[in-house]
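S.K.: Pasting the sequence and the predicted model now:
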Amino acid sequence: MPRVRARGVGVRYGGRWGLMELDLEIHTGERVALIGPNGSGKTTLIRLLATDLSPSSGELRILGADRPSPTLRRRIGYARDHPIHFEALTGTENLRLFAGLRGSAEMNGSFGIDAELDVPVHQYSFGMRRKLLLMEAFAGATELVVLDEPTVGLDPEGIEVLGRAILKRGETGTPVVFATNEVRDIPEWASRVLFLHEGRVVADDTPSGLLERVRGETRITIHLQDSESPIQLRSPRGAAVLPQVIEGLLETGAEIRHIQLHEPDLRDVFQLLTGVHLPEPGP
Amino acid sequence: MIWAAEWQLALRRPRLLVLNVGIPLLLVLPIALGGAPPFHAAAAYAVLFVLFGTFGSAIPLLRDAEGGILRRLLLAGGSGPAILLPRIVVGTLLDTLQLLPAALVILMLGGASGRVWLLLIPTLVGTLLTANLVGVWIAAVARSLAEGALFAAVVSLFLLHGSGVFRTARPGSPGAALESVLPFGPVHQLLLEGAGGAALQLSTGAALLSSCGGALLLGALTITVSGALIERIAPAR
């Protein structure tokens, strides 16, 4: 039985649909990455799964329940994009409170802020608040973990801990759904990727299945000394074509300033499928 | 969990605690020492005490709703009673402790009788519990801090007026009937006698029943529908 099942789900904001005709099943242990530009419906879907929104149309069942309740919410670990805490309480006190509401304060990964946990949250940086929020979401034995832009504000160590926490939860059978445009780590973290565009799911596949669509499409950008516009090439043989290309350019008398190689990633797949360039996530 | 957090939050704001003790004293002292007629003085005290309770409940709730922390508690699995009950109880106890010095000053300077002293704490707790509960309902209706402040002032003043704080209703009139069911009559009468005015019209039992019994009834209703109230106070945005 799926842990999440959506049939024809839509969410309307005033006169605009934030999400349309969503059909989706999420099963035990799946690690699902949601990818899409701003306004594509990622956060709307995350908020639906966290029971922060109710569908305007269609049928949605989360962990067998078709309506939000405190009991259902205690079974979901949720980290929204913006960290909100009791500022006067310490990290430990916030953890105890939010994890304790779910009946457990067992920690799963420290995200490297152990030393600061006894400090009031108003003294935390944005990154530390994000880490505390993620610790709260992963604490205890939740049956579904939902994360909105979990890598935002994290340092490399935090991103590594996050990846381990996602993989560990998947191994224990808990589905993890996370929205992100940080595509670099997705092939390792996610077992499934959903592309969202203009409120609809436009692709639903494994990371390798999606990357297969742009296999061999290494992009080569060559910047010449006397030219403002670089030369763009697509190579089915990766960098193997470079010696031949460089030789050809040198023979014409061109001076090469620098060469960039871009291995295809999920951003390229998204562009291929939607025609929309997915912006790099902010720092 | 939320009980502990509410106490910790209150104790970590010592400046606010001091202000909340000092400001009522600052307002009460000139009236008590200035020889104001007891009827007017008691009305001013009753307004102060009730507004303290309603504002002190509604405004922090609306502030926490706007800041998103209430929604977070809900989404973490907090139920209506689990979120609202600690706030109401801790808020009432804190309000009582913070207003107690001002109330003691009123009673001491007014030469209050033994019965007034006996009724002070239960009447104050009952009144402030009612005011805190009214604040929760106001927060559920208001959509901003400004609206909350406006509604808290208007509702409190109407309830005070209906409770006979600003007028003396003719016996047997609808106004007198209203006074007997509205919650702030006992505290007004207590403060009136405490300030050197007319003796309490209510018996000890009636005063306790009116102030505490009414508060408990309103409290039971509030907790029963607290799930719906907290969803209204902290809706999905």
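M.R.: Done, it's in. Since we're looking at a predicted model, the values are computed, not measured. Residues are numbered from 1 along each chain as shown, chains lettered A, B, ... in the order given.

S.K.: Please count neighbours and contacts with C-alpha atoms only from this point.
M.R.: Fine.

S.K.: So residue 188, which state does it fall into?
M.R.: In the absence of a named chain, chain A is used. helix (DSSP: H, G, I helix; E, B strand; the rest coil).

S.K.: before we move on, what about residue A:9?
M.R.: On the basis of three-state DSSP, residue A:9 is classed as strand.

S.K.: Look up the closest residue to it, ignoring the ones flanking it.
M.R.: Counting by Cα to Cα, 6 or more residues apart in numbering or on different chains, residue A:9 lies nearest to residue A:58, which is 4.1 Å off, once chain neighbours are set aside.

S.K.: do the same with residue B:38
M.R.: Nearest one to residue B:38, counting by Cα to Cα, 6+ apart, is residue B:197 at 5.0 Å.

S.K.: Report pLDDT for the residue in chain B positioned nearest to chain A.
M.R.: Ranked by Cα to the nearest Cα, the top residue of chain B for proximity to chain A is residue B:77, at 4.3 Å. Among the per-residue scores, residue B:77 shows a pLDDT of 94.

S.K.: for it, helix, strand, or coil?
M.R.: coil.

S.K.: I'd say it and residue A:74 touch.
M.R.: Yes - assessed by Cα atoms under 8 Å, residue B:77 is found in contact with residue A:74 at 4.5 Å.

S.K.: Please enumerate the shared neighbours of the two.
M.R.: A:101, A:102 (Cα atoms under 8 Å, 6 or more residues apart in numbering or on different chains).

S.K.: Let me know how buried the residue of chain B closest to chain A is, in neighbour terms.
M.R.: 27 (other Cα atoms under 10 Å in any protein chain shown).

S.K.: got a list of what it touches?
M.R.: For residue B:77, the contact set (Cα under 8 Å, 6+ apart) comprises A:69, A:70, A:71, A:72, A:73, A:74, A:101, A:102.

S.K.: next one: residue A:205
M.R.: A:192, A:193, A:194.

S.K.: State the distance from it to residue A:117.
M.R.: Residue A:205 sits 39 Å away from residue A:117, going by Cα to Cα, to the nearest Å.

S.K.: Residue B:91 should be in a strand, yeah?
M.R.: No - Residue B:91: not assigned to a strand; according to three-state DSSP it is helix.

S.K.: surely it meets residue B:59?
M.R.: No - if you go by Cα under 8 Å, residue B:91 and residue B:59 don't touch, sitting 11.9 Å apart.

S.K.: Just say helix, strand or coil for the closest residue to residue A:51 other than its chain neighbours.
M.R.: Nearest residue to residue A:51 in three dimensions, chain neighbours excluded: residue A:68, at 5.8 Å (Cα to Cα, 6+ apart). Following three-state DSSP, the label given to residue A:68 is coil.

S.K.: Tell me how many other residues surround residue A:68.
M.R.: Residue A:68: 19 neighbours (other Cα under 10 Å).

S.K.: Repeat that for residue A:275.
M.R.: 10.

S.K.: for residue A:59, same thing?
M.R.: The burial count for residue A:59: 17, using other Cα under 10 Å.

S.K.: what secondary structure does it sit in?
M.R.: Quick answer, by three-state DSSP: residue A:59 is strand.

S.K.: so who does it touch?
M.R.: By Cα under 8 Å, 6+ apart, residue A:59 lies in contact with A:6, A:7, A:8, A:9, A:66.

S.K.: Look at the first one and report its pLDDT.
M.R.: With respect to pLDDT, residue A:6 scores 97.

S.K.: what is it paired to in the beta sheet?
M.R.: residue A:24, residue A:60 (DSSP bridges).

S.K.: my guess is it meets residue A:58, correct?
M.R.: Yes - between residue A:6 and residue A:58 a contact is recorded at 7.4 Å, counting by Cα under 8 Å.

S.K.: the more surrounded of those two?
M.R.: Set side by side, residue A:6 and residue A:58 show more neighbours around residue A:6, with 20 against 15, by other Cα under 10 Å.

S.K.: ok, residue B:231 - how many residues close by?
M.R.: Residue B:231: 17 neighbours (other Cα under 10 Å).

S.K.: anything in the helix or strand where it lies near chain A?
M.R.: Element membership for residue B:231 (DSSP states H and E) is helix B:226-233. No - residues of helix B:226-233 contacting chain A under Cα under 8 Å from any Cα of the partner chain: none, with a closest distance of 9.4 Å.

S.K.: Give me the packing partners of that helix, helices and strands only.
M.R.: helix B:38-67, helix B:80-110, helix B:114-141 (3 or more Cα pairs under 8 Å, 6 or more residues apart in numbering or on different chains; DSSP states H and E).

S.K.: Could you dump these into CSV and include distance to residue B:30 and mean neighbour count?
M.R.: Converted to CSV, the helices and strands packed on helix B:226-233 look like this (distance: least, Cα to Cα, whole Å; neighbours: other Cα atoms under 10 Å in any protein chain shown):
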stretch, distance to residue B:30, mean neighbour count
helix B:38-67, 10, 22
helix B:80-110, 11, 20
helix B:114-141, 21, 23
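
S.K.: For the residue most central in space within chain A, grab phi and psi.
M.R.: Per Cα atoms, centre = their mean, the C-alpha nearest to the average position across chain A is that of residue A:180, at 2.5 Å. Dihedral angles of residue A:180 (phi, psi; degrees, to the nearest 10) stand at phi -160, psi 160.

S.K.: Name all residues that make contact with it.
M.R.: A:33, A:34, A:35, A:36, A:148, A:149, A:150, A:151.

S.K.: got a markdown table for the residues you listed, with distance to residue B:68 and neighbour count too?
M.R.: Below are the contacts of residue A:180 laid out as a markdown table (distance: Cα to Cα, whole Å; neighbours: other Cα atoms under 10 Å in any protein chain shown):
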| residue | distance to residue B:68 | neighbour count |
| --- | --- | --- |
| A:33 | 26 | 27 |
| A:34 | 24 | 26 |
| A:35 | 26 | 28 |
| A:36 | 25 | 29 |
| A:148 | 16 | 22 |
| A:149 | 18 | 22 |
| A:150 | 18 | 24 |
| A:151 | 21 | 26 |
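
S.K.: Go through these and flag which are in strands.
M.R.: Counting by DSSP state E, those place A:33, A:34, A:35, A:148 in strands.

S.K.: Please list the residues of chain B that sit near chain A.
M.R.: Residues of chain B lying near chain A (Cα under 8 Å from any Cα): B:1-2, B:5, B:8-9, B:12, B:67-69, B:72-79, B:236.

S.K.: how many other residues sit next to the closest residue in space to residue A:21 that isn't next to it in sequence?
M.R.: Of all residues not flanking residue A:21 in the chain, residue A:8 sits nearest, at 4.2 Å (Cα to Cα, 6+ apart). By the criterion of other Cα under 10 Å, residue A:8 has 15 neighbours.

S.K.: Apart from its chain neighbours, what residue comes closest to residue A:149?
M.R.: In space, residue A:149 is closest to residue A:180, 4.8 Å off (Cα to Cα, 6+ apart).

S.K.: Next: residue A:207.
M.R.: Using Cα to Cα, 6+ apart, the closest residue to residue A:207 is residue A:187 (5.3 Å).
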